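Asks: can you look at this prediction? I've put the sequence above it.
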Amino acid sequence: QVQLVESGGGLVQAGGSLRLSCAASGRIKRIDFMGWYRQAPGKQRDLVATITSGGPTNYADSVKDRFTISRDNAKNTVYLQMNSLNPEDTAVYFCKAGLVGSGSVVGYLEVWGQGTLVTVSS
């Protein structure tokens, strides 16, 4: 009853940019944090960036100064602006939200999106 839908992935050349979006919908009372994680083939899923409802952000060292996370609280949407992409950024990017549900969705939940593929060619 709560879902995250990502968009914006695709193929880009090294040095290029992409912007990912993730919209949360459903029985949501409050979203505490939203973030992006990525998983390259054969590797574990790693943190890329997170942002809380109040605005503080956290980035993986590998993306600092290249990626920017932002959030539109009114739209329950988080964005990831990715600049200066390199082949090492190739991965499936997953959105995650920590939220409090409403109605029949009770308590605190952590929800994942289905992922969007980002491929950076050299």
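Replies: Everything's here; your move.
Asks: list the residues that contact the residue most central in space within the chain.
Replies: By CA atoms, centre = their mean, the chain has its centre lying nearest to Trp36, at 2.8 Å. Going by CB atoms under 8 Å, 6 or more residues apart in numbering, Trp36 touches 20, 22, 48-50, 69, 78, 80, 93-96. Using the backbone N, CA and C atoms, a C-beta is placed for each residue, glycine as well.
Asks: try 7 Å this time
Replies: 20, 48-49, 69, 80, 93, 95 (CB atoms under 7 Å, 6 or more residues apart in numbering).
Asks: can I get those in CSV including pLDDT?
Replies: As requested, the contacts of Trp36 are exported to CSV (pLDDT from 0 to 100):
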residue, pLDDT
Leu20, 98
Val48, 98
Ala49, 98
Ile69, 98
Leu80, 98
Tyr93, 98
Cys95, 98
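Asks: inside strands: which ones of those?
Replies: 20, 48-49, 69, 80, 93, 95 (DSSP state E).
Asks: list the contacts for Val78?
Replies: 22, 34, 51, 69, 71, 95.
Asks: where's it relative to Ala14, distance?
Replies: Applying CB to CB, to the nearest Å, the value for Val78 to Ala14 is 25 Å.
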